[in-house]
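K.L.:
fold the following for me, if possible:
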Amino acid sequence: MNPLVLPDDAYRQVYERVSRLALDYLAAIDQRSCFPGISATEAANLFGQEPPEQGMGSAALDDITKVIDASRAQGPRFFGYVLGSGEPVAAGADLLASVLNQNVTAWRSGPAAVTIEHLVVEWLAQAIGCKGFRGNLTGGGSSANLAALAMAREACLPSNEHGVRAIGTVYASEQVHMSIAKSIALLGLGRDQLRLIPCDDEFRIRIDLLCHSIESDVRAGKRPVAVIGSAGTAATGSVDPLVELAAIAKDANTWFHVDGAYGALAAIARPEQFAGIELANSISLDPHKWLYQPLDCGCLLFRDSAHARRTFSFTGDYAKSLQEDPLEDFAFFDESLELSRRFRALKVWVSLRYHGLNNYRLQIENDLDHAKRLAALVRESPETELLAPVPLSAVCFRYVPPAGGSDESRLDDLNLRILRRVQRRGRVYISNATIHGKFALRACIVNHRTTAADVEAVVDEVLEVGREFSSGAKS
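P.N.:
Numbering: from 1, shown residues only. Predicted coordinates:
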């Protein structure tokens, strides 16, 4: 007897029920709250049960509705963080990927899966103007950045026979994503060797200060490991001058990495904003952001796979391939961090084929237009203040009481209270950023469900709550 093997009709009932729940959820997603209506204590009490000794059968699915109700909805008014909206066709394909359960580690482990991942990576590279780049899908931008900097370290800071390396430095703007500092620490370079270069008024790296920093380090006997350009900073969506950064990296004989986890895929719609991205040695980008794919789906692109193999190819005898065909001999574990890898490419492949690249281009343009509209609404209201330029789809602003007279600390406190109240109301979801030392409300639009009315609701919510607080209402 196989205790985990069920009759076909039992499996069918499970999948039919899950499908109904998913379809019902999607049908009502516009009406669901953007904020979970449950506290941490309530969630612990709701789900904190002992594992059942005896199986519950189909009753095990009864509590899925509780999971749905205790989750915040990724509806059309969710503008927090930089997180895509989970395109449903891709989500359906992702279910099949779990059923197939392919380990996409080598061609022999998953022939169709490896072939499709190669194709999807090729499509993504071509879509952003980097035809000919290779790469692999990752859990997200953080792991892609880590892998890229590992390649940079091996290429630019080789160790001697005792494993000792020279002191290496990495250069990025002060707006760079937090994963860069984590990566440098994990790679043993030391966080104190990360040079955070100040930015200009548009939150782009200062080229003059970058050059000065590199020159100073070289004179001190340090070796530049990488210059990092941001193609969409997390706070404001700023894009560094990539052409100039590429030239500086070349002159310094060092690696040029573009962190495009947020913005690089917007090059599908606005290639002119990302000129120079094709000059990079490596690029991170996230289909689970601006291709709206379900989590998780990041991507690392690189110009030369020889660097990836030099960094990651440490194959044990048990994993060596005995194939004679070079295509069938391929293994992702020779070019990436992971050994066990899920079939991330299936959802991207299916959804791109279903909708077509042009429809994704149009949707990204919609998001960019929505952000411009939101910025215009902020400027039009005398009670809101735009705090940063809007090069992509992140809009940073704050509420300013009409009476004026508040100092910066009081404005920071007021806007923090506004953010908390707006989030709890669940009608729209925005996050926060710090802009020139000021507490900012931040709406980031990477959502295929968003309409013009949803964008207008952001300012309406902030004004309504701000006026309540300004008139003396308690939070």
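
K.L.:
next, count neighbours for Arg421.
P.N.:
18 (other Cβ atoms under 10 Å). From N, CA and C alone the C-beta is placed, and that goes for glycine too.

K.L.:
that one and Pro224, how far apart?
P.N.:
For Arg421, the distance to Pro224 equals 47 Å [Cβ to Cβ, to the nearest Å].

K.L.:
next: Ser313.
P.N.:
Between Ser313 and Pro224 the computed distance is 25 Å (Cβ to Cβ).

K.L.:
cool, and Leu100?
P.N.:
Computed as Cβ to Cβ, the Leu100 to Pro224 distance reads 44 Å.

K.L.:
element containing Ser336?
P.N.:
Counting by DSSP states H and E, no helix or strand carries Ser336.

K.L.:
and it, what does it touch?
P.N.:
Contact partners of Ser336, counting by Cβ atoms under 8 Å, 6 or more residues apart in numbering, are 136, 138, 147, 300, 308, 312.

K.L.:
now restrict those to buried residues only.
P.N.:
Listed as buried from those are 136, 138, 147, 300, 308, 312; burial here means 16 or more other Cβ atoms under 10 Å.

K.L.:
for the closest residue to Val120 other than its chain neighbours, give its distance to Leu137.
P.N.:
In this structure, Val120 finds its nearest non-sequential neighbour in Ala345, 4.3 Å apart by Cβ to Cβ, 6 or more residues apart in numbering. The span separating Ala345 from Leu137 equals 6 Å under the rule Cβ to Cβ.

K.L.:
these two - which one has more neighbours?
P.N.:
Between Ala345 and Leu137, counted using other Cβ under 10 Å, the more crowded position is Ala345 (30 against 25).

K.L.:
tell me the confidence at that one?
P.N.:
We have a pLDDT of 98 for Ala345.

K.L.:
repeat that for Pro402.
P.N.:
For Pro402, the model assigns a pLDDT of 87.

K.L.:
I'd say it and Pro382 touch.
P.N.:
Yes. In this structure, Pro402 is within contact of Pro382 by Cβ atoms under 8 Å, at 6.3 Å.

K.L.:
number of residues surrounding the residue nearest to Ala452 when sequence neighbours are not counted?
P.N.:
Leaving out its chain neighbours, the residue that sits closest to Ala452 by Cβ to Cβ, 6+ apart is Arg373, at 6.6 Å. Residues lying near Arg373 (other Cβ under 10 Å) number 15.

K.L.:
same check, this time on Arg223
P.N.:
Neighbourhood size, Arg223 [other Cβ under 10 Å]: 18.

K.L.:
could you give the bridge partners of it?
P.N.:
Counting by DSSP bridges, Arg223 is bridged to Gly168.

K.L.:
look at it and report its pLDDT.
P.N.:
Arg223 is given a pLDDT of 95.

K.L.:
tell me which element Val176 falls in.
P.N.:
Using DSSP H and E, no helix or strand contains Val176.

K.L.:
make 34 the starting number, not 1.
P.N.:
I'll keep to 34 as the first residue from here, and by that count the last item is Val209.

K.L.:
isn't it right up against His290?
P.N.:
No. Val209 is not in contact with His290 according to Cβ under 8 Å; the separation is 10.5 Å.

K.L.:
so Ile261 sits in a helix?
P.N.:
No. Read with DSSP: H, G, I helix; E, B strand; the rest coil, Ile261 is strand and lies in no helix.

K.L.:
and the gap between it and Pro231?
P.N.:
Counting by Cβ to Cβ, the gap from Ile261 to Pro231 is 15 Å.

K.L.:
number of nearby residues for the residue nearest to Phe68 when sequence neighbours are not counted?
P.N.:
Among residues not flanking Phe68 along the chain, Gly459 sits closest, at 3.9 Å (Cβ to Cβ, 6+ apart). Using other Cβ under 10 Å, Gly459 has 17 other residues around it.

K.L.:
what's the pLDDT at Gly459?
P.N.:
With respect to pLDDT, Gly459 scores 93.

K.L.:
if we can go back for a sec, now for Val209 and His290: what residues contact both?
P.N.:
Common contacts of Val209 and His290, defined by Cβ under 8 Å, 6+ apart, comprise Ile261.

K.L.:
look at these two and report which has more neighbours.
P.N.:
A count of neighbours by other Cβ under 10 Å puts His290 above the other of Val209 and His290, at 29 against 24.

K.L.:
what residues are up against that one?
P.N.:
By Cβ under 8 Å, 6+ apart, the contact set of His290 is 178, 181-182, 185, 259-262, 313-317.

K.L.:
can you do 6 Å?
P.N.:
181, 259, 261, 315 (Cβ atoms under 6 Å, 6 or more residues apart in numbering).

K.L.:
can I assume it sits in a strand?
P.N.:
Yes. The assignment for His290 by three-state DSSP puts it in a strand.

K.L.:
could you pull up phi and psi at Phe68?
P.N.:
Per-residue torsions, Phe68: phi -120, psi 130 (degrees, to the nearest 10).

K.L.:
what's the distance between Gly293 and Glu207?
P.N.:
Counting by Cβ to Cβ, the separation of Gly293 from Glu207 is 18 Å.

K.L.:
what's the answer for Asn286, then?
P.N.:
Applying Cβ to Cβ to Asn286 and Glu207 gives a distance of 24 Å.

K.L.:
so those two - more neighbours on which side?
P.N.:
Remark: of Asn286 and Glu207, Glu207 carries more neighbours, 13 against 9, as counted by other Cβ under 10 Å.

K.L.:
and which of the contacts of Ser369 is nearest Ala486?
P.N.:
For these, the residue nearest Ala486 by Cβ to Cβ is Thr171; the value is 35.6 Å.

K.L.:
no further questions, thank you.
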